[in-house]
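Asker: predicted model and sequence follow; I will ask about them next.
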Amino acid sequence: MRQPNRIALALTACFLSATFAATAANVATVNGVAIPDSKVDFFLKQVAERGQKDSPELRARIKEELIRNEVLFQEAQKKGVEKSPEVQQRLDMAKQQILVGAYVNDYAKANPVSDADLKKEYDKIKVNFSGKEYKARHILVKTEEEAKAVLADLKKGKKFEDIAKAKSADKGSAVNGGDLGWSTPANYVKEFGEALAKLPKGKISDPVKTQFGYHIIKLDDQREAKGPSFEEVKPELTRELQGQRVQKMVEELRAKAKVE
């Protein structure tokens, strides 16, 4: 009896192994056209950047979407949709946008912003954190007469917080007894900010007129302004400086281009 050809068996095993590997690498086959797992991975990466987590349910939805897209794509090809001049133009524009985006991303990766540059930029903006912050309360009413009546009640010993809850037109702060939290005078309208900066700690202002009405202001506390730390603003600074570098690169390329 003849022995099996070992070379033939080995080749058969390799063929079956390769066929299985190719099948395993496809998420589905639609009318003979394979949809590779790499497409699922691509979409997973996209949704992960938007905060979604990988899960069997998510993969199932992506798979179904890829199958539907492939079915529609095949049908569009049958109908010759890509022959339309408008469709060709849109395809060209989409290709251009994708390539431009990829080039900019590659440029950003190849030209990262250093910590030294970020700290230098942070030192520039840190000077804006100087000054004082004030923790204030206010009671807002429509007329000067109402404001004077509020002051009279405060002089009689009524609590500022209680009057704010009952009478202040600023309902957002009224629920907290007129509390406005910590802020700088620059964050308020001019008249309010100026009156706040002049007010001694623990004191109550005379009526202050603004575009919103009349305010009675109480200064609870004050402190030196404390801006965000370097680590807190680092991501934002990185995006800003990286954007500036990309913009400079684009302008340099535009200047070199021969435009007729």
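Answerer: Perfect, I can see it now. Residues are numbered from 1 along each chain as shown.
Asker: residue boundaries of the helices in this protein?
Answerer: Along the chain, the segments classed as helices by DSSP state H run 6-24, 37-48, 56-79, 85-110, 115-126, 144-155, 160-167, 171-174, 190-198, 230-256.
Asker: pull the CA atoms of the shortest one into PDB?
Answerer: Think helix 171-174. Extracted in PDB, the C-alpha atoms of helix 171-174 (Å, rounded to 0.1, in the frame of the first residue of the first chain):
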ATOM      1  CA  LYS A 171     -33.300  83.700  41.000                       C
ATOM      2  CA  GLY A 172     -30.100  81.800  40.200                       C
ATOM      3  CA  SER A 173     -28.300  83.300  43.200                       C
ATOM      4  CA  ALA A 174     -31.400  83.900  45.300                       C
END
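Asker: who are the packing partners of it?
Answerer: When contacts are defined as 3 or more C-beta pairs under 8 Å, 6 or more residues apart in numbering; DSSP states H and E, helix 171-174 packs onto helix 160-167. The C-beta positions use only the backbone N, C-alpha and C, and glycine is treated the same way.
Asker: one more time with 7 Å
Answerer: Helices and strands touching helix 171-174, as assessed by 3 or more C-beta pairs under 7 Å, 6 or more residues apart in numbering; DSSP states H and E, are absent.
Asker: give me the pLDDT for residue 13.
Answerer: In this model, residue 13 is scored at 41, pLDDT.
Asker: and the helices of the chain: which comes nearest residue 222?
Answerer: Distance to residue 222, taken as C-beta to C-beta, is lowest for helix 190-198 among the helices of the chain, at 9.3 Å.
Asker: now the longest strand along the chain: buried residues?
Answerer: Counting by DSSP state E, the longest strand found in the chain is strand 213-224. Using 16 or more other C-beta atoms under 10 Å as the test for burial, strand 213-224 gives 213-220, 222.
Asker: can you check stretch 157-166 too?
Answerer: For stretch 157-166, burial by neighbour count (16+ other C-beta under 10 Å) applies to 160-161, 163-165.
Asker: which stretches of the stretch 151-260 of the chain have low pLDDT?
Answerer: Residue ranges of the stretch 151-260 of the chain with pLDDT under 70: none are present.
Asker: picking that back up, if we only consider the buried residues of strand 213-224, which is nearest to residue 186?
Answerer: Nearest to residue 186 among the buried residues of strand 213-224, with distances taken as C-beta to C-beta, is residue 222, at 14.4 Å.
Asker: residues contacting the closest one?
Answerer: Contact partners of residue 222, counting by C-beta atoms under 7 Å, 6 or more residues apart in numbering, are 132-134, 201.
Asker: take these and, keeping just the buried ones, write it as a PyMOL select command.
Answerer: With 16+ other C-beta under 10 Å as the burial test, the buried ones among these are selected in PyMOL as follows:
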select buried, resi 133+134
